[in-house]
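A.B. asks: here you go, sequence then predicted model.
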Amino acid sequence: MLLPALLAAQRRRLAEAGIDTASLDIRLLAGRVLGVDAAGLLAHDGPLGAAAAADITAMVDRRLAGEPVARILGDWEFWGLPFVLSPATLVPRPDTETLVEAVLDLVRGGAVPGAGPDGAGLTVVDLGTGSGAILVALLSELGAAEGLGVDLSEEALSTARLNAARNGVAGRSLFCRGSWLDAVTGPFSLVVSNPPYIESADIDGLAPEVARHDPRLALDGGADGLDAYRVIAAGAAARLVPGGVLALEIGWRQAVTVTEILADAGFAAITVRRDLAGHDRVVIGRRR
Ligand code: GLN
């Protein structure tokens, strides 16, 4: 079979199953099997080996069974950087780039105590670091900053270490096991996190790509989805310097409640940032 015919047939299988990213998915999967990018795929109009055709078909079968492309590939891009995934890490979401952007604006604008615009003098603390996506993206932009990634999962920490190395920031980062801020003392001037924020009862109703393939530990925010925010706000209030910054990703309907939690814990100058879809996505507070 010729490659264009195989791609068209497999794309049709995905589209007919209601997968609206069918074209992108097939390009990523076939590109991986053949070891080429999108342009290479277009240029490749010759016959296809039976093994490659079988591999592509098998990947499409997995996709049709509800597995996200990122899990099939085993890696995914965030902030233009490559990240290895493991079953213990979320697939990094584009929404989370809103958090990275907000933090970069603060650091570069001189709004984080003791930090130069390139991150000199700064240790970024990332709670529930997972694949390390947020921390590695920040360190890749802030060439003089150091980072500390914390996670409950040893498997996630191994993955984060790998990603720090792959992206050239291993020498400026440290990863340690712990529950939020319990394992570290500070004082710090910047704490960031994308904590679990889905209400426990809602998890099974999420898309199968999320409910069945993202780690529950990274999604489950307790009965009202806000458990992690309460613990993080209390811990950060105790470990941040006065004026220190706490920046958190939130679920799009949580801006009001998370703002209240931060205010109650002793944070002021609380602001909310929206993602590209126009949803509230990040809450930032400053320790009084
Ligand atoms: N944004 C994720 C989702 O809705 C949730 C991640 C999280 O709980 N931090 O799929």
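C.D. replies: The structure has been received and is ready for your questions. Numbering: from 1, shown residues only.

A.B. asks: C-alpha only now, for contacts and for neighbours.
C.D. replies: Noted.

A.B. asks: the closest residue to residue 253 other than its chain neighbours pairs with what?
C.D. replies: With Cα to Cα, 6 or more residues apart in numbering as the criterion, residue 253 has its nearest non-adjacent residue at 7.1 Å, and that residue is residue 280. With DSSP bridges as the criterion, residue 280 is bridged to residue 274.

A.B. asks: show me which residues of this protein sit near the ligand.
C.D. replies: Neighbours of the ligand within the chain, by Cα under 6 Å from any ligand atom: 194, 195, 196, 197, 198, 210, 218, 219.

A.B. asks: low-confidence regions, the stretch 1-150 of the chain specifically.
C.D. replies: The model of the stretch 1-150 of the chain has no residue with pLDDT under 70.

A.B. asks: in it, what residue comes closest to the ligand?
C.D. replies: residue 93 (6.8 Å; Cα to the nearest ligand atom).

A.B. asks: quick one: residue 270 is in a strand?
C.D. replies: Yes. Residue state for residue 270 (DSSP: H, G, I helix; E, B strand; the rest coil) corresponds to a strand.

A.B. asks: let me see the contact set for it.
C.D. replies: Residue 270 makes contacts with 259, 262, 263, 283, 284, 285, 286, as judged by Cα atoms under 8 Å, 6 or more residues apart in numbering.

A.B. asks: could you measure from it over to residue 256?
C.D. replies: 11 Å (Cα to Cα, to the nearest Å).

A.B. asks: can you give me the distance of the closest residue in space to residue 45 that isn't next to it in sequence to residue 235?
C.D. replies: Leaving out its chain neighbours, the residue that sits closest to residue 45 by Cα to Cα, 6+ apart is residue 3, at 5.8 Å. Counting by Cα to Cα, the gap from residue 3 to residue 235 is 55 Å.
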